[in-house]
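Student: sequence? don't have it. structure:
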């Protein structure tokens, strides 16, 4: 079933209203699994950086599990799966979806709304090739059906910790990226990681707010 961008925006509005208005255009994700699954030791043993992906779509359940595992809410107090200095949470996750990359989700850029466990549509269209160009023409990342881009808003952490907040933000990005690596492995998927890119062109492609600095690009999909 193919759903167009305009329809997904309309559905998102309805879902946002029915879920207490958390984001007028939010697309609610399925609940993540918080028990069971593959043993952690196995995921750690098998985790490798993947640079070749199969041409196979993901589903919303897998997207839900990946994003929640990376930096989702795991405690009634609002604490998350990744540690954060002073619980300042300076990071945001953006999901880049390729054409037919996720079943029942149009190609586009989405922002992960942590508290609502939902996706907020940012921009339509398959921008994987543009992300690759901004990433110093690393074309291999376009094979992945989706990419997760980790961004940092330094002022959230710096407001409490001053200049050291920048370091703490980078540390948190490492924690989140490792969570995503292990979650992908546990789901039978693979993930890569890219830190070499031109910041401004990448931010423009993703339509990032001015304060959101891109830190890492992580392509995710079935291993080739």
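Tutor: Now that the structure is in, tell me what you want to look at. Remember, it's a predicted structure, so these values are computed and weren't measured experimentally.

Student: from here on, contacts and neighbour counts on C-alpha atoms
Tutor: Will do.

Student: Could you pull up phi and psi at residue 67?
Tutor: Main-chain torsions, residue 67, degrees, to the nearest 10: phi -70, psi -40.

Student: Return the residues in contact with it.
Tutor: Shown in contact with residue 67 (CA atoms under 8 Å, 6 or more residues apart in numbering): 93, 112, 180.

Student: now do residue 156
Tutor: So residue 156 contacts 88, 89, 90 (CA under 8 Å, 6+ apart).

Student: now do 10 Å
Tutor: 87, 88, 89, 90, 91, 162, 165, 166, 169 (CA atoms under 10 Å, 6 or more residues apart in numbering).

Student: circling back: what about the contacts of residue 67, which are in helices?
Tutor: Judged by DSSP state H, helices contain the following of the contacts of residue 67: residue 180.

Student: sorry, back to before: from the contacts of residue 156, which is closest to residue 192?
Tutor: Among the contacts of residue 156, residue 91 lies closest to residue 192 (CA to CA), at 18.9 Å.

Student: Please tell me how far that closest one sits from residue 71.
Tutor: 9 Å (CA to CA, to the nearest Å).

Student: Return every residue with contacts to both of the two.
Tutor: Here residue 91 and residue 71 share the contacting residues 84, 172, 173, 176, scored by CA under 10 Å, 6+ apart.

Student: which of those residues has the most neighbours?
Tutor: The most crowded member of those, judged by other CA atoms under 10 Å, is residue 173 (25 neighbours).

Student: Return the set of buried residues in stretch 130-146.
Tutor: Using 16 or more other CA atoms under 10 Å as the test for burial, stretch 130-146 gives 130, 131, 132, 133, 134, 135, 141, 142, 143, 144, 145, 146.

Student: counting contacts, what elements does the longest strand seen in the chain pack onto?
Tutor: With secondary structure taken from DSSP state E, the chain has its longest strand at strand 213-221. Counting contacts by 3 or more CA pairs under 10 Å, 6 or more residues apart in numbering; DSSP states H and E, strand 213-221 packs against helix 60-71, strand 91-97, helix 128-134, strand 146-152, helix 164-186, strand 190-191, helix 199-206.

Student: Could you give the separation of that strand from the chain centroid?
Tutor: 8 Å (CA atoms, centre = their mean, to the nearest Å).
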